[in-house]
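Participant: Task: produce atomic coordinates for the following.
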Amino acid sequence: MGWERLRQQTGLALGLFSYLGRPLTLAEAEAQLRQRLERREARFLEMARELLYGRPGSPYARLLAWAGCGPGDLGAAVRAHGVEGALERLRDAGVRLSLEEFKSNVPICRAGLTVETAPADFDSLRVPGRSLEASTSGSRAARTRVLYDWQFLAEEAANERVLHEVHRLAGAAGAFWMPALPSISGIHNLLIQLKFRQPPERWFSHLRGTPGGRLALEYLAWVSRGHGLRVPRPRFTDAAGAVQVAAWVERQLAAGRACYVKAFASSAVRVVQAAQERGLRLAGALFFTGGEPLTETRREYLAAAGVKAVPRYVTTETGLVGAGCGSGPSPGSMHLYTDRLALVTGTPMGQAAAGPAPFLFTTLSGHTGKVLLNAELGDAGWVGRRRCGCRFGQLGMDLHLEGVHSTEKLTGEGMTLPVLALHRIAAELVRAAGGGPDDFQFWEDHDERGLVRLTVAVSLRVPRLDEPGFVPAVLRRLRQGAEGGGIVADFWEQAGTLRLVRAEPEASAGFKLLPLLRRSPGR
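Facilitator: Okay, the predicted model is just below:
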């Protein structure tokens, strides 16, 4: 470890004392959210002045200059149209970043402008050297390094404290089934909950962890003890150990305690599957799901077992994005945390969206590791305003997200379909055959000729699958339902693009079970 990184790690370690020394109450959390919302426009302009215009050679500054939008122009647009209205006008003027541009995989190219970028060009200058380093999972693009500081975590803690209150979790038994360090997800959630004095009682981990990670956790536990807090050590629990999580949940419920688990959506499904196989009862438990979409099939499967599933939306680049309150128009509806983020879709003004539209994110806080201005992160869905009577709604968070999913598409023989469309069809067929929502997965790879091959991997646990009739049934439903599905089905049928294998779905490097897995050649 170099001296500079050692200095950063020392500063990070010392910062933990002051972070834990100021516990966050519910009243303080709500006051912080209210203040951030009341100053939303001013905070956006402050962020723009310091982190956008204040870096003249940065990609954002060059884009804004190219679009003819100076600080005064942006301020006038915000005053006239609000934050989102100003962002929509910037989007339509070309001030937006695709996922590939934000990842620095391709240069930013506009008429008369080309900007070569590096990932560090989007780092926030406010985040000091005393920072916790994270990286994206790399499941959809190259990994991106992101830095978190203690102020960033404290801001997120206010959102999470209110979420716990919305779901009445005071005194509830809590557990994580999230990977330990070097993965960031488990420690990220732990640090947030330590801030408001509600750490989980158990931590089940997909990873055994590293010596450095275990040493860091021992330090965290030692400092936490000085503040009267107990930090659970991660207990290695791979996918086959889901029954351990299920048994712990059943014990809490049997003791009359409210109980919640934070886990990836596919991990929550595995817990319920394990419980059903062993005759364990989980009715009444609450699962916060994240990392993957809480699809309708996953939610219905959990609900059939009496488990309440609440979606949480988190990205490494932004941290907490939003969460469900349970009172939305659909079970997958989530409040966007508009105190820290702004979001518009990629659909230009005056055009009707034909379906779910890409999300363009803008950060309102200078403490996020990455600065975003109308930047895509690879997700899409529907956005709408709606009044809600929960605590988030009372504070003024009226922007709701629906149907959040990856913008990945399945492509073969020049024919493209959204993953969501094909996923629904396969889910219905697998469910009719006695399978669960995560008993299948699409694989995209190439044959020895370089041609795209789409494979539906269906678990051997699905007992009544009509193997010879599965692919024909998928193509038949494509012709009946999806827009343009008839043409896609004809091409795929002629070329033999789609096939079935009986194999277990594969998790990504980040332990997420993605609907679409792009596999490297030769697998």
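Participant: Tell me the secondary structure at the residue nearest the centre of the chain.
Facilitator: With distances taken as Cα atoms, centre = their mean, the residue of the chain nearest its centroid is Val314 (3.5 Å). Following DSSP: H, G, I helix; E, B strand; the rest coil, Val314 is assigned to strand.
Participant: In contact with Gln441, which residues?
Facilitator: Counting by Cβ atoms under 8 Å, 6 or more residues apart in numbering, Gln441 makes contact with Val456, Ala457, Pro505, Glu506, Leu513, Leu514, Pro515, Leu516, Leu517. Using the backbone N, CA and C atoms, a C-beta is placed for each residue, glycine as well.
Participant: show me where pLDDT drops low in the stretch 251-400 of the chain?
Facilitator: 353-354 (pLDDT under 70).
Participant: Helices of that one, start to end?
Facilitator: 265-278, 296-304, 391-395 (DSSP state H, counting those that start in this stretch).
Participant: Could you do the stretch 51-200 of the chain as well?
Facilitator: Under DSSP H, counting those that start in this stretch, the stretch 51-200 of the chain gives helices at 59-66, 71-92, 99-102, 150-166, 185-195.
Participant: Just the CA atoms of the first one, as PDB, please.
Facilitator: This file holds the C-alpha atoms of helix 59-66, laid out as PDB (Å, rounded to 0.1, in the frame of the first residue of the first chain):
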ATOM      1  CA  PRO A  59     -16.800  17.000 -19.900                       C
ATOM      2  CA  TYR A  60     -19.800  18.600 -18.400                       C
ATOM      3  CA  ALA A  61     -18.400  22.200 -18.700                       C
ATOM      4  CA  ARG A  62     -17.500  21.600 -22.300                       C
ATOM      5  CA  LEU A  63     -21.000  20.200 -23.100                       C
ATOM      6  CA  LEU A  64     -22.700  23.100 -21.400                       C
ATOM      7  CA  ALA A  65     -20.500  25.600 -23.300                       C
ATOM      8  CA  TRP A  66     -21.200  23.800 -26.600                       C
END
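Participant: just checking, what packs against that helix?
Facilitator: strand 108-110, strand 113-115 (3 or more Cβ pairs under 8 Å, 6 or more residues apart in numbering; DSSP states H and E).
Participant: Quick one: closest of those strands to Leu190.
Facilitator: Smallest distance to Leu190 across those (Cβ to Cβ): 36.9 Å, for strand 108-110.
Participant: rewinding a little: please identify the deepest-packed of the helices of the stretch 251-400 of the chain.
Facilitator: helix 265-278 (a mean of 22; mean count of other Cβ atoms under 10 Å).
Participant: mind putting the helices of the stretch 51-200 of the chain in CSV, mean neighbour count and mean pLDDT included?
Facilitator: Output for the helices of the stretch 51-200 of the chain, formatted as CSV (neighbours: other Cβ atoms under 10 Å; pLDDT from 0 to 100):
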stretch, mean neighbour count, mean pLDDT
helix 59-66, 20, 96
helix 71-92, 17, 97
helix 99-102, 20, 92
helix 150-166, 22, 96
helix 185-195, 23, 94
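Participant: okay if I get those helices as JSON lines plus distance to Leu215?
Facilitator: Below are the helices of the stretch 51-200 of the chain laid out as JSON lines (distance: least, Cβ to Cβ, whole Å):
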{"stretch": "helix 59-66", "distance to Leu215": "38"}
{"stretch": "helix 71-92", "distance to Leu215": "43"}
{"stretch": "helix 99-102", "distance to Leu215": "34"}
{"stretch": "helix 150-166", "distance to Leu215": "20"}
{"stretch": "helix 185-195", "distance to Leu215": "13"}
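Participant: For Tyr337, which of those helices is the nearest?
Facilitator: Using Cβ to Cβ, the helices of the stretch 51-200 of the chain put helix 150-166 closest to Tyr337, at 5.1 Å.
Participant: between that closest one and helix 185-195, how many degrees?
Facilitator: Orientation check (axes from the mean of the first three to the mean of the last three Cα atoms, to 10 degrees): helix 150-166 against helix 185-195 gives 80 degrees.
Participant: and helix 150-166, how far out from the chain's middle?
Facilitator: Chain-centre distance of helix 150-166: 16 Å, with Cα atoms, centre = their mean, to the nearest Å.
Participant: Thanks a lot, catch you later.
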